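> Quick one, structure for this:
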Amino acid sequence: MIRVLWMLICVGMLCTSSAVAQEVEIPLPEGAIARFGLGYINDIAYSPDEDLIAVGTSIGLELHKAETLELIGFLVGHTGSVLSVAFSPDGETLASGSSDNTIKLWDVSSGVLLRTLTGHTGNVLSVAFSPDGKTLASGSSDDTIKLWDESRGALIRTLTGHTGSVWSPLPSRLTGRRWWLQGRRTTRSSCGMYRVAC
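All right, here's what the predicted structure looks like:
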């Protein structure tokens, strides 16, 4: 009986301290105008027109107005942390990669989930659209890069040969027709129309 009473007292104290903690607002640091991230921030991307900011966090995907930093949307669908975000070149689609091993494509104007891309067996650490917006590249802790047809959500090709996680697929700024995909090693090789840093 004493144990039950003691447990009730402890639970009551936890509930009270939790309620008090929710009422206390943490002040912003000097010079700050807003706070990003409802969880730990993993990645941030601006929309091409620089009107929106997507924030991938440990608890989900946030959309903010760039000018005011106002939170205008919280996109729910991943079952793990959102580790990477990228806007399509036309700004209409947002890609998010997650620790749930999936990529989700979202309609930016409505916040509606368009499709889920599956195939990676590790965390999706990076996502990037090709300059024409037709192809999405994803890098993963499964040591692969996957290339996807954005409009159909179909897997085009899996690039293998990395000996570690692939952190950053980036479209080349030189030609606009080639991809530079960076993994842990620096040996370079070519795979069809793609140049890869493996």
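> Provide the secondary structure category for Gly133.
Three-state assignment for Gly133 (DSSP: H, G, I helix; E, B strand; the rest coil): coil.
> In this structure it contacts Trp148, no?
No - in this structure, Gly133 is not within contact of Trp148 by Cβ atoms under 8 Å, at 11.8 Å. C-beta: built from backbone N, CA, C; applies to glycine.
> more neighbours, these two?
A count of neighbours by other Cβ atoms under 10 Å puts Trp148 above the other of Gly133 and Trp148, at 24 against 17.
> Could you list every helix and strand in contact with the helix or strand hosting that one?
Assigned by DSSP states H and E, Trp148 falls within strand 145-149. With contacts taken as 3 or more Cβ pairs under 8 Å, 6 or more residues apart in numbering; DSSP states H and E, strand 145-149 sits against strand 135-140, strand 154-159.
> Tell me the strands beside the first one, with direction?
Each strand that pairs with strand 135-140, with its direction, by DSSP bridges: strand 124-129 (antiparallel), strand 145-149 (antiparallel).
> Name the nearest residue to Leu94, ignoring sequence neighbours.
Closest residue to Leu94 apart from its sequence neighbours, by Cβ to Cβ, 6 or more residues apart in numbering: Trp106 at 4.5 Å.
> could you give the angle of the helix or strand containing that neighbour to strand 135-140?
Here Trp106 sits within strand 103-107, counting by DSSP H and E. Orientation check (axes from the mean of the first three to the mean of the last three Cα atoms, to 10 degrees): strand 103-107 against strand 135-140 gives 140 degrees.
> Pretty sure the residue nearest to Leu94 sits against Gly73.
No - judged on Cβ under 8 Å, Trp106 makes no contact with Gly73 at a distance of 9.2 Å.
> This structure: helices as residue ranges?
2-23 (DSSP state H).
> Averaging pLDDT per element, find the lowest-scoring helix or strand in it.
strand 188-191 (a mean of 33; mean pLDDT, DSSP states H and E).
> Any figure for the gap between Leu125 and Ser110?
As judged by Cβ to Cβ, to the nearest Å, Leu125 and Ser110 stand 27 Å apart.
> Comparing those two, which residue is more hemmed in?
The neighbour count for Leu125 versus Ser110, taken as other Cβ under 10 Å, is higher for Leu125 (23 against 9).
> Contacts only, for that one.
Going by Cβ atoms under 8 Å, 6 or more residues apart in numbering, Leu125 touches 83-84, 97, 139-141, 165-167.
> Return the member of those nearest to Ala45.
The shortest approach to Ala45 among these belongs to Ser84, at 8.6 Å (Cβ to Cβ).
> in terms of contact, does the closest one touch Asn123 like I think?
No - using Cβ under 8 Å, Ser84 is not in contact with Asn123, being 9.2 Å away.
> Need the overlap of contacts for the two.
Common neighbours of Ser84 and Asn123 (criterion: Cβ under 8 Å, 6+ apart): Gly97.
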